[in-house]
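Undergrad: this is a predicted model, with the sequence first.
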Amino acid sequence: QKEVEQNSGPLSVPEGAIASLNCTYSDRVSQSFFWYRQYSGKSPELIMSIYSNGDKEDGRFTAQLNKASQYVSLLIRDSQPSDSATYLCASMEYGNKLVFGAGTILRVKS
Amino acid sequence: EAGVAQSPRYKIIEKRQSVAFWCNPISGHATLYWYQQILGQGPKLLIQFQNNGVVDDSQLPKDRFSAERLKGVDSTLKIQPAKLEDSAVYLCASSLDRDQPQHFGDGTRLSIL
């Protein structure tokens, strides 16, 4: 099985700062990538999807994809304490199977 | 729109016992997934259904795990007999179709004593 790698963190940022979360993937043929947010004890919640190279913005969130480097990132602008959670990166493999990274813990300090 | 429903929320059993989990996907979603999430790890796909057929069960430990989706709607996942390493959260997800975003239920937290 192909792998998705993430720094486990925790990543600590002050309130109002930009949080930058990174992810690398091993399957060169993956075309679709997703970011899920998971609060402690809760289920993963889809927050961003990205399919082509470049940036995709949605409110305070920007996803970035670089297929040549096999790299996906998520930027959270104006971070809030409510953004504190684990962020899971996932790539969709052949057969439409999602492969998840272990997640990065984000802590936003007020 | 109602989300993915799962039950029970929590289950504690002893090793070698059996357990079953139930999932009702979002109405109209053709694809249903069962994931296992061990503490500190990302979800790992166990089995994927398209309507009532199995698409991928390559990571399902078939000697002890089984799953079915007989009428193409709700699904059950069974473990028999349970081992200590099966302690995890079992997540059900569904999507409109195989290439569509997946939406997760709240999961069942299983503890094996």
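TA: Right, received. Where do you want to start?
Undergrad: which residues touch the residue most central in space within chain B?
TA: Nearest to the mean C-alpha position of chain B, by C-alpha atoms, centre = their mean, lies B:Trp34 at 3.1 Å. Taking C-beta atoms under 8 Å, 6 or more residues apart in numbering or on different chains, we find B:Trp34 in contact with B:Cys23, B:Leu45, B:Leu46, B:Ile47, B:Ala67, B:Ser75, B:Leu77, B:Tyr90, B:Leu91, B:Cys92. Quick note: C-beta positions are derived from backbone N, CA and C, even for glycine.
Undergrad: just give me the closest of those residues to A:Gly9.
TA: Comparing those against A:Gly9 with C-beta to C-beta places B:Leu91 closest, at 21.4 Å.
Undergrad: the closest one: which element?
TA: strand B:88-95 (DSSP states H and E).
Undergrad: the very next helix or strand once past that strand close to chain A?
TA: Next helix or strand after strand B:88-95 toward the C-terminus (DSSP H and E): strand B:103-104. Yes: Strand B:103-104 lies within reach of chain A by C-beta under 8 Å from any C-beta of the partner chain, at B:His103, B:Phe104.
Undergrad: next secondary structure element downstream of strand B:103-104?
TA: strand B:108-112.
Undergrad: returning to what we had before: relative to chain A, how far out is the residue nearest to the centre of chain B?
TA: Counting by C-beta to the nearest C-beta, to the nearest Å, the gap from B:Trp34 to chain A is 12 Å.
Undergrad: what about the spatially closest residue to B:Gln50 that is not a sequence neighbour, how many residues nearby?
TA: Excluding the flanking residues, the one nearest B:Gln50 by C-beta to C-beta, 6 or more residues apart in numbering or on different chains is B:Thr31, at 5.5 Å. Using other C-beta atoms under 10 Å in any protein chain shown, the number of residues around B:Thr31 comes to 20.
Undergrad: A:Met48 contacts A:Asp58, correct?
TA: Yes: with contact defined as C-beta atoms under 8 Å, A:Met48 reaches A:Asp58; the gap is 6.2 Å.
Undergrad: give me the more crowded residue out of those two.
TA: Higher neighbour count among A:Met48 and A:Asp58: A:Met48, with 20 against 10, using other C-beta under 10 Å.
Undergrad: SS state for the residue of chain B found nearest chain A?
TA: Per C-beta to the nearest C-beta, B:Gly42 is where chain B lies closest to chain A, at 3.1 Å. Three-state call for B:Gly42 (DSSP: H, G, I helix; E, B strand; the rest coil): coil.
Undergrad: so it touches A:Leu98, yeah?
TA: No: using C-beta under 8 Å, B:Gly42 is not in contact with A:Leu98; the gap is 9.4 Å.
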